[in-house]
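Model the following, please.
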Amino acid sequence: MSQNQALALEPQPAHVLIGQSAHAQRLRTFASQAARVRHSVLLLGETGSGKDLVAKMIHSQKTRSGQFVLVNCAAIPEALFESELFGHGKGAFTGAQESKPGLFETAEHGTIFLNEIGELPSAMQAKLLEALENGNYRRVGEVTGKTIKTRIIAATNVNIKKALSEGKMRSDLYHRINVLPMTVPPLRERREDIPDLANYFLRQEDDAKTIAPETMAVFRKYEWPGNVRELKNTVIRAVFNSNGEPSIGPEHVRPHLKEEPPQGNENWVQRLVPNSQEKFPTFGAVTQAAEREYLKEVLTRTGGNVKKAAQLAGTCYRKLLLEVQKHNLRDLVRELRNPYSE
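As a prediction, this is how the structure comes out:
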């Protein structure tokens, strides 16, 4: 049993990110460093990739004593937005029989996690921005303001650049919350963490059962469009389906995995060579594109460490560095090595 497998088998404290990939280590470093400061954090990434876990990791390492308050921005009706976030005074509206603190007040000296902030309508974004800009807010129906005393962490699964260009996300709100950005990668980009994660979820359900090697091979090859959340649910269902058997086999998991690959899962040749004969690229263009894809992957797996990437690629440091420069990947290297990059 490897050290990583042993780690996955041991009881883990709450809000621990499982895995030893460069991506996982980078996220842990970011959470640790972000916890030491009070700046706003913006977490980007696909649904189910673990943005909420990173937010809880940041909160759990803080020295302040307040609560972690989760706000599902997509689920708050516009008419109730101010009342939910900022609270209301007695008699502020029909049915307000008494004063009620809002979620910002509940999270005082703690963390408010504004999940799916990209789903907020423009009018609600403006109200949130005003409070963040001024550093204070008022309960609905009251005159006296209250100072914001909570850590702000926001998250979204939307394409933020597209949302900005289409006007769905206010640029002023984006720049207000985008102080410490971090992109949480999808599970398909950190496949080496899949065994540790699968064993961790298995231990939560049945600490006597094992996952067969051929099942783990299925897990490694699958694209996981639902990311870590889908892997967890798959393991839970597999434990249920393998009731009475000592090991989880491929037959226990395949029925729950989507047979059709997700959009964009075609092989790299299909991605680089369009179907249109009119636009069919030259051999040289495809070779260049394939080299760039390969370099991006090897750099990602080594966390932007060019020396380690050269070793992984079986070439010398100088040659790989020249290729990085040739393909304009220096920004990617800086991003991967900088824990505060998007």
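
Can you get me a residue count around residue 154?
Applying other C-beta atoms under 10 Å, we find 29 other residues in the vicinity of residue 154. Using the backbone N, CA and C atoms, a C-beta is placed for each residue, glycine as well.

Quick check: it is in a helix.
No: secondary structure of residue 154 (DSSP: H, G, I helix; E, B strand; the rest coil): strand, not part of a helix.

Check the gap between it and residue 289 for me.
In this view, residue 154 and residue 289 are 35 Å apart by C-beta to C-beta, to the nearest Å.

One more: residue 142?
For residue 142 relative to residue 289 (C-beta to C-beta), the value is 60 Å.

Next: residue 61.
If you measure residue 61 against residue 289 using C-beta to C-beta, the figure is 41 Å.

and what of residue 193?
Between residue 193 and residue 289 the distance, using C-beta to C-beta, works out to 28 Å.

Which one's more surrounded, those two?
Higher neighbour count among residue 193 and residue 289: residue 193, with 23 against 17, using other C-beta under 10 Å.

Name the nearest residue to the more buried one, sequence neighbours excluded.
Beyond its immediate neighbours in the sequence, the residue positioned closest to residue 193 (C-beta to C-beta, 6 or more residues apart in numbering) is residue 19, lying 3.1 Å away.

Wasn't the one you found part of a strand?
No: using three-state DSSP, the secondary structure at residue 19 is coil, not a strand.

Residue 140: how many residues sit nearby?
The tally of other residues near residue 140 (other C-beta under 10 Å) stands at 20.

Repeat that for residue 55.
Residues near residue 55, counting by other C-beta under 10 Å: 27.

next one: residue 309
Neighbourhood size, residue 309 [other C-beta under 10 Å]: 25.

Was I right to think it contacts residue 297?
No: between residue 309 and residue 297 no contact is recorded; they are 9.6 Å apart, counting by C-beta atoms under 8 Å.

Any idea how far stretch 142-156 is from the middle of the chain?
23 Å (C-alpha atoms, centre = their mean, to the nearest Å).

do stretch 166-174 as well
Going by C-alpha atoms, centre = their mean, the spacing between the C-alpha centre of stretch 166-174 and its chain's C-alpha centre is 20 Å.

and what of stretch 99-110?
Between the centre of stretch 99-110 and the centre of its chain there are 26 Å (C-alpha atoms, centre = their mean).

Could I get the buried residue list for it?
Using 16 or more other C-beta atoms under 10 Å as the test for burial, stretch 99-110 gives 100, 102, 103, 104, 105, 106, 107, 108, 110.

and what of stretch 311-323?
Residues of stretch 311-323 classed as buried by neighbour count (16+ other C-beta under 10 Å): 313, 320, 321, 323.

Could you do stretch 138-153 as well?
In stretch 138-153, residues buried by neighbour count (16+ other C-beta under 10 Å) are 138, 139, 140, 141, 146, 148, 149, 150, 151, 152, 153.

could you dump it to CSV, C-alpha only?
The C-alpha trace of stretch 138-153 is given here as CSV (Å, rounded to 0.1, in the frame of the first residue of the first chain):
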residue,chain,number,x,y,z
ARG,A,138,-28.6,48.6,6.8
ARG,A,139,-31.3,46.2,7.8
VAL,A,140,-34.4,46.7,5.6
GLY,A,141,-36.6,49.3,7.3
GLU,A,142,-33.9,50.6,9.6
VAL,A,143,-31.8,53.8,9.4
THR,A,144,-28.7,52.8,11.4
GLY,A,145,-26.0,51.1,9.4
LYS,A,146,-23.9,48.1,10.5
THR,A,147,-20.3,47.5,9.6
ILE,A,148,-19.4,44.4,7.6
LYS,A,149,-17.2,42.3,9.9
THR,A,150,-17.0,39.1,7.9
ARG,A,151,-14.6,37.4,5.5
ILE,A,152,-16.0,37.4,1.9
ILE,A,153,-15.5,34.2,-0.2
